[in-house]
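A.B. asks: Take this sequence and fold it.
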Amino acid sequence: MSTPEISQVLAQMRVMSAQATGGTAATEMPRSDFGALLQKSIDAVNDTQQKASELRTSFERGEQGLDLAEVMIAVQKSSVSFEAMVAVRNKLVEAYKDVMNMPV
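C.D. replies: Modelled structure (predicted):
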């Protein structure tokens, strides 16, 4: 997730927290579709991985203008973003299981 997306999610969480405690939130963020936000995040991770793969392949071919440090940073960004996405997915699956196991 990019920084603006994280900021938006955090702002939404603050608004929900204020509403849950009975307080009023200072500013309401516009509602966004969770599915669209999740899809946008997945697409961003995919783009990061594709860019890293292209840089790695270009470096292996010996193309001029590529720095090993640049390639390694791109690969690490791709790895960290993928691990974060997997962690979010695992939390969503865990939350879904908890909801499904609740007595009606």
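A.B. asks: So for the lengthiest helix in the chain, what gets flagged as buried?
C.D. replies: If you go by DSSP state H, the chain has its longest helix at helix 68-100. For helix 68-100, burial by neighbour count (16 or more other CB atoms under 10 Å) applies to 71, 74-75, 78, 81, 85. Using the backbone N, CA and C atoms, a C-beta is placed for each residue, glycine as well.
A.B. asks: what's the average pLDDT for it?
C.D. replies: The pLDDT scores in helix 68-100 average 93.
A.B. asks: Which neighbouring elements make contact with that helix?
C.D. replies: helix 34-61 (3 or more CB pairs under 8 Å, 6 or more residues apart in numbering; DSSP states H and E).
A.B. asks: re earlier: just curious, which of the buried residues of helix 68-100 is nearest to residue 58?
C.D. replies: If you rank the buried residues of helix 68-100 by distance to residue 58 using CB to CB, residue 71 comes first, at 8.1 Å.
A.B. asks: The closest one contacts residue 57, doesn't it?
C.D. replies: No - in this structure residue 71 lies outside contact range of residue 57 using CB atoms under 8 Å: 9.7 Å.
A.B. asks: quick one: residue 51 and residue 78 touch, right?
C.D. replies: Yes - counting by CB under 8 Å, residue 78 is a contact partner of residue 51 at 7.5 Å.
A.B. asks: Isn't residue 49 up against residue 78?
C.D. replies: Yes - look at residue 49 against residue 78 with CB under 8 Å: they come within range, at 4.6 Å.
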